[in-house]
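>>> prediction below, plus the sequence it came from.
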Amino acid sequence: METCIKTGEEAIKLAARLIRQGETVAFPTETVYGLGADVFQPEAIKKIYIAKGRPSDNPLIAHVSSYKMLERVAVNVSEDAKKLMQAFWPGPLTVILQKRENVPDAVCAGLPTIAVRMPQNEIALRIIEEADTPIAAPSANSSGKPSPTSAGHVFHDMNGKIPLIVDGGECSVGVESTIVDLSVEIPTVLRPGIITPEEIQAVLGRVELDPTLLKKPAEGMRPKAPGMKYKHYSPNADVIVFQGEQADNLLSYIQQHDNGKKVGILCGVEKKAAYESPNVEVILPIGRDEDAKTMCKGLYEGLRKMDEMGMDVIYAEALPVAGEGIAYMNRLLKAAGYCVIEI
Ligand code: TXA
Ligand code: MG
């Protein structure tokens, strides 16, 4: 199959037509690029799982362009859910609600609940509107790889597997939406994003964090979002998270452990100069340390670039676990298989 990359009005119209015809299409959202298909066509949904190589027990997020459309996929929407949607939609927030019975099991991997969000991206909203159906869309990467934040990333992973990529430039957020489970007694964050637990607390008065967000899931401990249990966001290179300020210690660690390997460092722009050393091939600033949001935005792009440059090992700077830093550390720890060193 030939994969086209298109932009503008023509791309939106074509995308909507392909979705209606039961095809898959990659399109931009404010978080990451999604690989979409019509929620109500199980054969089309199957194509998403095949193109990504995604395990079939990992459910998808339904994207809607209006509250009216939400009613086609969810029932018994609680007051808490309404408050959150009002505060953050359109935007990088996914809510877990009770699913409407006629939503095919393939979308929700057999769960009685459904994940729904209204993206804050004109192109995405237009495609959903034109297709006139909720669009199920996971991130448009090969399963296990960092999510794509540009059309080029999607092409790298999906070339030959899908008919169309709608190019809307770089994603402004760079990490996936915050997922909040509202089908349980106490609203619970299942995946952190740039909408922070503090912001959700401010709207609902209460919120819990899934205990597995920053920890390697122990035996018998299952994250509530099935997708969070898999090896995820991983480039080909080994990733090691480093915590601490002593650049010299990091550099001597690298000297001891990575003789003859190609080593790259991902860090805040403030730190770039401190890590310069003959043993480090590439130092890539991905944002600003004091603004976790900027580090979130640059993370996946940074991981992918390191692979392109053929690095064997990537050392990536840790951030404090607060605010958007929770989302950054959640993704980074998974990419690193929870390998952390103190320097
Ligand atoms: O920002 C985003 O959310 C992006 C863009 C494309 O919208 N999408 C995205 O989809 O990140 P995906 O498939 O990569 O992640 C969906 C996550 C998975 O971890 C999945 O397990 C969880 O949502 N999920 C979906 N339905 C669920 C449900 N009913 N209950 C719990 N978790 C669910
Ligand atoms: Mg994903």
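It's in. Residues are numbered from 1 along each chain as shown. Ligands and ions are numbered 1, 2, ... in the order given.

>>> do you know the pLDDT at the closest residue to ligand 1 within the stretch 51-200 of the chain?
The minimum distance from the stretch 51-200 of the chain to ligand 1, using CB to the nearest ligand atom, falls at P138 (2.8 Å). Just so you know, the C-beta spots here come from the backbone N, C-alpha and C atoms, and that holds for glycine as well. As predicted, P138 sits at a pLDDT of 98.

>>> in a strand, G287, correct?
Yes: counting by DSSP: H, G, I helix; E, B strand; the rest coil, G287 is located in a strand.

>>> give me the pLDDT value at it.
On the pLDDT scale, G287 gets 98.

>>> now the residue in the stretch 201-343 of the chain positioned nearest to ligand 1: closest residue in space, sequence neighbours ignored.
Going by CB to the nearest ligand atom, ligand 1 is nearest to G227 of the stretch 201-343 of the chain, at 2.3 Å. Among residues not flanking G227 along the chain, N58 sits closest, at 4.7 Å (CB to CB, 6 or more residues apart in numbering).

>>> wait, that neighbour sits on M228?
No: contact status for N58 versus M228: not in contact, 9.4 Å apart, counting by CB atoms under 8 Å.

>>> looks to me like the residue of the stretch 201-343 of the chain closest to ligand 1 is in a strand.
No: counting by three-state DSSP, one finds G227 to be helix, located in no strand.

>>> look up how far L209 lies from the residue nearest to G227.
21 Å (CB to CB, to the nearest Å).

>>> what's the answer for D105, then?
29 Å.

>>> close enough to count as contact, M228 and R191?
Yes: counting by CB under 8 Å, M228 does reach R191; the two are 6.2 Å apart.

>>> the two: which is more packed in?
Neighbours were tallied for M228 and for R191 using other CB atoms under 10 Å; the higher tally belongs to R191 (23 against 19).

>>> and that one, what does it touch?
94, 176-179, 213, 225, 227-228, 330 (CB atoms under 8 Å, 6 or more residues apart in numbering).

>>> could I get these as TSV with pLDDT?
TSV is the format used below for these (pLDDT from 0 to 100):
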residue	pLDDT
T94	98
E176	98
S177	98
T178	98
I179	98
L213	90
A225	79
G227	72
M228	70
N330	96
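
>>> could you pick out which of the residues you listed are located in strands?
Under the assignment DSSP state E, these contribute 94, 178-179 to strands.

>>> by neighbour count, which of those wins?
Counting by other CB under 10 Å, top hit in the ones in strands among the contacts of R191: T178 with 28 neighbours.

>>> who touches both of M228 and R191?
Common neighbours of M228 and R191 (CB under 8 Å, 6+ apart) are L213.

>>> what residues does the stretch 151-300 of the chain put near ligand 1?
By CB under 6 Å from any ligand atom, the part of the stretch 151-300 of the chain that sits against ligand 1 consists of 176-177, 179, 190-191, 224-228.

>>> rerun at 5 Å
176-177, 225-227 (CB under 5 Å from any ligand atom).

>>> for P320, state which of these is nearest.
E176 (20.7 Å; CB to CB).

>>> returning to that earlier point: pretty sure the residue of the stretch 201-343 of the chain closest to ligand 1 is touching L60, no?
No: if you go by CB under 8 Å, G227 and L60 don't touch, sitting 9.3 Å apart.

>>> shared neighbours, these two?
P138.

>>> once you drop chain neighbours, what's closest to the residue of the stretch 51-200 of the chain closest to ligand 1?
Using CB to CB, 6+ apart, the closest residue to P138 is L60 (5.3 Å).

>>> next up, the contacts around the residue of the stretch 201-343 of the chain closest to ligand 1.
Shown in contact with G227 (CB under 8 Å, 6+ apart): 58-59, 138, 191.
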